[in-house]
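J.: Dropping a prediction and its sequence here:
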Amino acid sequence: MLKAMRLITKCTIEMILSWKHYGFNIYCGNRIPKIITNLWKTLQDTLSENLFSQERMKYIPEQSKVAYQSKHGKDKKEFDALD
């Protein structure tokens, strides 16, 4: 189904089929209603978006920190580079 919708490639399918099976279950019941699949698609799109702007991020090498400026420039936070 994913291949027919062009959401997955033959190469990806082959890779998944090559994985060792460790014993998980796949739902084989009735088809999931369209509203649920739309919610999953929205969730997938949201999670795949960049959650922060790299343009507002600055690395401070002498302190091993990363500074992040808020969208409107009001707030600035610093994080340890390893975080």
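T.: Noted; the coordinates are in hand.
J.: Kindly provide the whole-number mean pLDDT of the helix or strand encompassing Thr37.
T.: Element membership of Thr37, judged by DSSP states H and E, is helix 34-48. Averaging pLDDT along helix 34-48 yields 80.
J.: again, but for stretch 64-76
T.: Averaged across stretch 64-76, pLDDT comes to 87.
J.: Quick check: buried residues in it?
T.: Val66 (16 or more other CB atoms under 10 Å). C-beta: built from backbone N, CA, C; applies to glycine.
J.: can you tell me the distance between the two ends of it?
T.: 16 Å (CA to CA, to the nearest Å).
J.: what comes into contact with stretch 56-67?
T.: 68-71, 76-83 (CB atoms under 8 Å, 6 or more residues apart in numbering).
J.: to the chain's geometric centre, what's the distance from that stretch?
T.: 24 Å (CA atoms, centre = their mean, to the nearest Å).
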